[in-house]
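> any chance you could fold what I've pasted below:
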Amino acid sequence: MIAWLDAHTPFPPTQQAWGSDTDAPGLLAAGADLSTSRLRQAYSQGIFPWFSEGQPILWWTPEPRMVLPVDEFHLSHSLRKTIGRFRRTPGCEIRVDSAFAQVIEACSSTPRAGQAGTWIVPAMQKAYRLWHQHGAVHSFETWMDGELVGGLYGVNIGRMFFGESMFAWRTDASKIALAALVCFCRANHISVIDCQQRTAHLTSMGGHTWPRSRFEAHLKQVVELDEPTDWTYHDDLWSFLTAAP
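Numbers count the residues shown, from 1 in each chain. Below is the predicted model:
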């Protein structure tokens, strides 16, 4: 059995999450709501919602946890060349938070290998749009000739960035956005990007797993720190692509 939460029930200890020998490894609880206060409480403890249409809200804390330490980001030779061309091409730019609603909608509608539907259901989109309005959720966007062609979004609490989802309508557009996020994080002393679940794509870019205990210990160190105040993507941030913070 998992814990069923009402509006005022705190999350149970994360050690109570289902283990790898169950049908739903990492599942911790169900119920409650997607208010900004509940979401902040969850993310600060390394817990996130993930559920499909027709299901109750399900809360997860995977063991192990996929992370991308920004000083371990793998910049391949081909991606370096792609970013160089992107920067030299008129009309190509990175924007932050200029089209958040479009980004989360694109992420929700992009087909994923092995998934029949989307977990970014309308209730999730509504909750994260509201949290975005409150300044905690941000989109990094790849633009070409005035057109949004790729990007990602995630949650910022303190000096932590929790990646949520990405999409690309042109080749490497999401990789360019991720590289821009890495530069921003390096410049703003955010050392780790949470990636939630292990994927081959993230592994190829430097991601790897941490034990839940290590991830939670890191959160305790960073979520109470002051958050970055300037979420503009300045072109000189690209200098952090090859320079460690």
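> strands of this structure, residue ranges please.
3-5, 27-31, 48-49, 58-60, 65-69, 92-96, 137-144, 147-157, 160-168, 192-196, 208-210 (DSSP state E).
> okay, which residue is most central for the protein?
Geometric centre of the chain, nearest residue: Gly163, 0.9 Å, by C-alpha atoms, centre = their mean.
> who wins for proximity to Ala180 among the strands of the chain?
Ala180 lies closest to strand 92-96 among the strands of the chain, at 4.4 Å (C-beta to C-beta). From N, CA and C alone the C-beta is placed, and that goes for glycine too.
> tell me which strands that closest one pairs with, and in which orientation.
Each strand paired with strand 92-96, and its direction, by DSSP bridges: strand 137-144 (antiparallel).
> ok, the spatially closest residue to Pro64 that is not a sequence neighbour to Gln125 distance?
Nearest residue to Pro64 in three dimensions, chain neighbours excluded: Thr209, at 3.8 Å (C-beta to C-beta, 6 or more residues apart in numbering). Separation of Thr209 from Gln125 (C-beta to C-beta, to the nearest Å): 28 Å.
> on that earlier part again, show me the contacts for the residue nearest to the centre of the chain.
Each residue near Gly163 by C-beta atoms under 8 Å, 6 or more residues apart in numbering is listed here: Leu68, Leu152, Gly154, Leu181, Ile193, Asp194, Cys195, Gln196.
> dump the residues you listed into CSV; add distance to Ala99, neighbour count and pLDDT as well.
What follows is the contacts of Gly163, written out as CSV (distance: C-beta to C-beta, whole Å; neighbours: other C-beta atoms under 10 Å; pLDDT from 0 to 100):
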residue, distance to Ala99, neighbour count, pLDDT
Leu68, 24, 24, 98
Leu152, 12, 25, 97
Gly154, 15, 22, 98
Leu181, 16, 28, 98
Ile193, 21, 24, 98
Asp194, 23, 23, 98
Cys195, 23, 22, 96
Gln196, 23, 20, 90
